[in-house]
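J.: Quick one, structure for this:
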Amino acid sequence: MDFSRVVEKTKEPYFTVKHKLLCVPREDYERVLKDFLDPYSEEGVQEFVSLYLESKGDPGIVGLVGVERQGEKVLIDAAVRYQHEND
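T.: The predicted model follows:
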């Protein structure tokens, strides 16, 4: 493929992405998302991480997430974006 005609339109601000690895008691996780039809859907996991970040005063924006149930624990891998202004 010839990429010579591709024009990048990236503008400032830019984002830094950090991974947050969370280990949550399953009972707590499901209690927080009790109103979700499927608390283990991508939207459910993103909502949980968003609420967690908000509780910590963390300004990050939740992106892609992964979730794994391990017995009585829920493991979450969340990509969280942080906005930076033009330096």
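J.: confidence score at the residue nearest the centre of the chain?
T.: Here the mean C-alpha position of the chain is nearest to the C-alpha of Val62 (C-alpha atoms, centre = their mean), at a distance of 3.3 Å. On pLDDT, Val62 comes in at 97.
J.: ok, now the one 3 residues further on?
T.: Per-residue confidence for Val65 comes out at a pLDDT of 98.
J.: Spell out which helix or strand contains it, please.
T.: The secondary structure element spanning Val65 is strand 61-70 (assigned by DSSP states H and E).
J.: Relative to Ser41, how far out is Tyr82?
T.: According to C-beta to C-beta, to the nearest Å, Tyr82 and Ser41 sit 25 Å apart. Using the backbone N, CA and C atoms, a C-beta is placed for each residue, glycine as well.
J.: quick check, Glu27 in a helix?
T.: Yes: with DSSP: H, G, I helix; E, B strand; the rest coil as the criterion, Glu27 is part of a helix.
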